[in-house]
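Undergrad: Provided below are the primary sequence and the corresponding predicted coordinates.
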Amino acid sequence: MSQQASSPTVWKGELPKVGIRPTIDGRLGGVRESLEDQTMNLARRVAELISKNLRYPNGDAVECVIADTCIGGVAEAAACEDQFRRQNVGVSLTVTPCWCYGSETMDMDPTRPKAVFGFNGTERPGAVYLAAVLAGHTQKGVPAFGIYGRDVQEAGDATMPDDVQAKILDFVRCGLAAALMRGKSYLSMGGTSMGIAGSMIDVAFWEKWLGMRVEDIDMSEFIGRMNKGQFDPAEYKKALAWTKENCPEGDDYNSDEGKRSREQLDSEWSDSVKMSLIARDLMVGNPKLAEMGLKEQAQGHGAIASGFQGQRQWTDHFPNGDFLEAILNTSFDWNGKRAPYIVATENDALNAATMLFGHLLTNTAQVFADLRTYWSPDAVASACGGHKLDGLASDGLLHLINSGPATLDGTGQQSDADGNPTMKPFWEITDEEVAKCLKETTWHPSITEYFPGGGLSTRYKTRGGMPATMTRINLVDGLGPALQIAEGHTVELPTDVHDALDQRTNPTWPTTWFAPTVTGRGAFTSTYEVMNHWGANHCVMTAGHVGHLFITLASILRIPVYMHNVDAGRVFRPSAWNTFGTDGLESADFRACENFGPLYGRK
Ligand SMILES: C[C@H](O)[C@@H](O)[C@@H](O)C(=O)CO
Ligand SMILES: [Mn+2]
């Protein structure tokens, strides 16, 4: 593990591994012997592909465990299961070039995400085993993904076709996301914010669909720790100095009567930094607290996601959580580059879960936003002196703007290999890009009428041209969770147009102009219809067109997807889903999720 035990970290302890199961025709006396090396070598190639291409959220290479022997029957299958349990295997991938005996060799664990890769050769067909064992998975109610290369390969062909590589890697990304969530916590810091339904925590959703637990703390814990100095004083000193140097305070947009004194603002800065340390320590603990005699506080709540209620009880009296939410969701801070801590504004736990999906699928920071306004081309023209939206924005724009914080990665100041704006895993972000994200962001005294207790809000606008995916999990009485997805691009407006629109809402908040990819059908008939179908006030923006990964992860967890604009060819779900209908995949998804129920328990 690369994580130093001495610093706080989300991903403590051993992370779930990927188990590779080489299955084989068990007939000794010639058949099995002729296949042993080919089968085990196939498993080794798959393990190498995974460890070379995939990383955990902490940057470590994904670890694979290969079964000690090929699996020709139930005895070896059981031995493999024992080995996988001993070695913390959270995802399984069965691989074979030949015919094997389906139910005698299959992975029967009811909750571990699983796939089967049947090498497409004809000498000892892996495909027919694939079909047989997937039928078994469907019949026994243990859905599995099927991976089968398009083109027949020679038995000795050690290459892995691109289509097979893509499916293996996408399955493992999504299976690991599910496995990484299992057993971890969501930390609710406070309660319901302003009657927002998403912040009325539904514990059953976290337990039955995600296999997680919900931890609760009252916001008074912040005041207690601030007043008693229950945070690392050395880190606080370092963090405050870094903040003063790197987080410039911008204009105060408050009215004269709303303006706060310099002394008050300075105390809000120092309180905001303390709140950031305390929120992080509450989530993941901090060994330094144990050295201070705070052994219980040092343990944290095992939270890989959290939410801060803020409004209104806290923010009426104390600085809001804008700084803590922005900096913890960012891929760097005073300690340097590191995995973001997923923190939802207004304790919107459904947006937190969606942020967590995006983070675990891509290892990147996630933008929390209100989906506040649809700006039609006509409305923009009349608000901005006739300005005509064009290009990606020609069907109008969605204004994504949270009420104060957002990850600084959301500035779009990180670039991919082609120079396009993106948000990257922390280990790929350059020092120059860190500096650009900080430079693009200004911090403004929060608007006093909204936040009487003060605070510093995050202001930036996202660079245009970023392929991005907007998502949201909603809860439906009687159905459970349902996911919506909209791939699209960020758009940059001319400064005068941006300012005219931005100033109407709140100039102290972070703005992203988003143009969903419209298809002309259903919820994607137009940009307006995307907004019209959005299920809540909040959304999450993830860098890249990764709607297909959200769809695969949702199917593993049995969360139906009720709108998306992902081409059918990119949709990858367990083979069992096909049996619920192949024409009208959306409704089939609902039927399959309803049929199999939440991954970790009954509804
Ligand atoms: C300041 C306001 O209360 C905002 O926080 C509010 O409009 C929201 O963001 C609601 O989600
Ligand atoms: Mn909001």
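TA: Thanks, I have the structure now. Ligands and ions are numbered 1, 2, ... in the order given.
Undergrad: Only C-alpha atoms from now on, for both contacts and neighbour counts.
TA: OK.
Undergrad: which stretches of the stretch 201-350 of the chain form helices?
TA: 203-204, 220-228, 233-246, 262-284, 287-291, 322-328, 349-362 (DSSP state H, counting those that start in this stretch).
Undergrad: Equivalent analysis for the stretch 501-603 of the chain, please.
TA: 527-532, 547-557, 585-596.
Undergrad: Compute the distance between the residue in the chain positioned nearest to ligand 1 and residue 368, please.
TA: Here the chain gets closest to ligand 1 at one residue, residue 403, 4.7 Å apart by C-alpha to the nearest ligand atom. Remark: distance between residue 403 and residue 368 (C-alpha to C-alpha, to the nearest Å) = 10 Å.
Undergrad: ok, those two, which is more surrounded?
TA: Set residue 403 next to residue 368 and count neighbours by other C-alpha atoms under 10 Å: residue 368 wins out with 33 against 22.
Undergrad: Next, count neighbours for the closest residue to the more buried one other than its chain neighbours.
TA: Nearest residue to residue 368, sequence neighbours excluded (C-alpha to C-alpha, 6 or more residues apart in numbering): residue 540, at 5.0 Å. Neighbourhood size, residue 540 [other C-alpha under 10 Å]: 26.
Undergrad: repeat for residue 439
TA: Neighbour tally, residue 439, other C-alpha under 10 Å: 16.
Undergrad: what separates it from residue 494, distance-wise?
TA: For residue 439, the distance to residue 494 equals 19 Å [C-alpha to C-alpha].
Undergrad: Also residue 513?
TA: Between residue 513 and residue 494 the distance is 12 Å, computed by C-alpha to C-alpha.
Undergrad: When those two are compared, which one has more neighbours?
TA: For residue 513 and residue 494, the more surrounded residue by other C-alpha under 10 Å is residue 513, and the numbers stand at 25 against 8.
Undergrad: The stretch 401-550 of the chain against ligand 1: which residues are in contact?
TA: Within the stretch 401-550 of the chain, the positions lying close to ligand 1 (C-alpha under 6 Å from any ligand atom) are 402-403, 450, 537.
Undergrad: can we see that at 5 Å?
TA: For the stretch 401-550 of the chain, the residues in contact with ligand 1 (C-alpha under 5 Å from any ligand atom) are residue 403.
Undergrad: now the stretch 401-550 of the chain, which segments are flagged as low pLDDT?
TA: Nowhere does the stretch 401-550 of the chain drop to pLDDT under 70.
Undergrad: the strands in it, which residues?
TA: 414-415, 421-422, 442-445, 456-459, 467-476, 480-491, 511-516, 538-543 (DSSP state E, counting those that start in this stretch).
Undergrad: So for residue 163, which of the helices of the stretch 201-350 of the chain sits nearest?
TA: helix 349-362 (19.1 Å; C-alpha to C-alpha).
Undergrad: domains in the protein, as residue ranges please.
TA: Structurally, the chain divides into domains by the TED database as follows: 17-181, 185-596.
Undergrad: Next, count neighbours for the residue nearest to residue 254 when sequence neighbours are not counted.
TA: Nearest residue to residue 254, sequence neighbours excluded (C-alpha to C-alpha, 6+ apart): residue 447, at 5.7 Å. When neighbours are counted by other C-alpha under 10 Å, residue 447 registers 24.
Undergrad: Give me the phi and psi for residue 447.
TA: Main-chain torsions, residue 447, degrees, to the nearest 10: phi -70, psi 120.
Undergrad: thinking it is in contact with residue 253, fair?
TA: Yes. Using C-alpha atoms under 8 Å, residue 447 is in contact with residue 253, at 7.1 Å.
Undergrad: what sits in contact with each of these two?
TA: Here residue 447 and residue 253 share the contacting residues residue 508, scored by C-alpha atoms under 8 Å, 6 or more residues apart in numbering.
Undergrad: Flag every residue of this protein that's near ligand 1.
TA: Neighbours of ligand 1 within the chain, by C-alpha under 5 Å from any ligand atom: residue 403.
Undergrad: how about low-confidence regions in the chain?
TA: Looking at the chain by pLDDT under 70, you get 1-7, 125-126.
Undergrad: Let's check: the centremost residue of it is which one?
TA: residue 358 (2.2 Å; C-alpha atoms, centre = their mean).
Undergrad: Check which residues of whichever helix or strand residue 85 is part of are buried.
TA: Using DSSP states H and E, the element containing residue 85 is helix 74-86. Using 16 or more other C-alpha atoms under 10 Å as the test for burial, helix 74-86 gives 76-78, 80-81, 83-84.
Undergrad: just stretch 286-306 next, same as before
TA: Of all the residues in stretch 286-306, those buried under the rule 16+ other C-alpha under 10 Å are 286-289, 297-306.
Undergrad: my guess is residue 21 meets residue 89, correct?
TA: No. Using C-alpha under 8 Å, residue 21 is not in contact with residue 89; the gap is 11.3 Å.
Undergrad: ok, now which ones touch the residue of the chain most remote from its centre?
TA: Farthest-out residue of the chain from its mean C-alpha position, per C-alpha atoms, centre = their mean: residue 29, at 49.6 Å. Contact criterion C-alpha under 8 Å, 6+ apart gives no residues in contact with residue 29.
Undergrad: Double-check that it belongs to a strand.
TA: No. According to DSSP: H, G, I helix; E, B strand; the rest coil, the state of residue 29 is coil, so it is not within a strand.
Undergrad: and the nearest residue to residue 421 once chain neighbours are set aside, what is it in contact with?
TA: Once flanking residues are discounted, residue 421 sits nearest to residue 415: 4.5 Å by C-alpha to C-alpha, 6+ apart. Going by C-alpha under 8 Å, 6+ apart, residue 415 touches 421-423.
Undergrad: most neighbours, which of those?
TA: Tallying neighbours with other C-alpha under 10 Å puts residue 423 at the head of the contacts of residue 415, with 29 neighbours.
Undergrad: does it really touch residue 414, like I thought?
TA: Yes. Assessed by C-alpha under 8 Å, residue 423 is found in contact with residue 414 at 5.9 Å.
Undergrad: Pull out the buried positions in stretch 334-353.
TA: Those buried within stretch 334-353 under the rule 16+ other C-alpha under 10 Å are 337-353.
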